[in-house]
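Asks: The sequence and its predicted three-dimensional model are supplied below.
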Amino acid sequence: MSLDDPAHAVLLGRMTQEGESPLALLPLSAGPLGNLSGAGAGALAVGTARLWLSQPQLVGGPSVASVPLGSVGAVGVRERRALPALGALRVEVVVDGRPLRFSTRAGRAAVDAFARALDAARQAPPG
């Protein structure tokens, strides 16, 4: 994750404005096939109270959204066997009962660490 990527920088700035620090960050690949250019395509971040998402927009700067951890369910990680160079791992996060799927080119250890951090934050007592 690089602050050279506007989506990541905006995400971290927004979290700071809201008084949150990232417990874990995960870079995302763009679109269903991943990002061929290697440029950033967004990120997921786990804070102590919220799950955050940044993604580039067609026009204007990146957008940032977040949901309370109470709305977040299970997180799963699986390998993408088709076209692995475009986003070798798929992360699925259940939000309000609906699965959201993201691709990442991050290594398995980084993705597993993100999933563990999200699970730990979800199970931590509020406050």
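Replies: Everything's here; your move.
Asks: list the contacts for the spatially most central residue of the chain?
Replies: For the chain, L44 is the residue whose C-alpha lies nearest the centre (Cα atoms, centre = their mean; 1.7 Å). By Cβ atoms under 8 Å, 6 or more residues apart in numbering, L44 lies in contact with 25-26, 28, 51-53, 91, 93, 102, 114. To be clear about C-beta, it is placed using only N, CA and C from the backbone, and glycine gets the same treatment.
Asks: where along this protein do the helices fall?
Replies: If DSSP state H is used as the criterion, the helices of the chain fall at 6-17, 108-123.
Asks: From the contacts of L44, keep the buried residues only.
Replies: 25-26, 28, 51-53, 91, 93, 102, 114 (16 or more other Cβ atoms under 10 Å).
Asks: In TSV, list these along with pLDDT and distance to A121.
Replies: Output for these, formatted as TSV (pLDDT from 0 to 100; distance: Cβ to Cβ, whole Å):
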residue	pLDDT	distance to A121
L25	93	13
L26	93	13
L28	89	19
L51	97	8
W52	96	11
L53	94	15
V91	93	15
V93	96	12
F102	90	17
F114	96	11
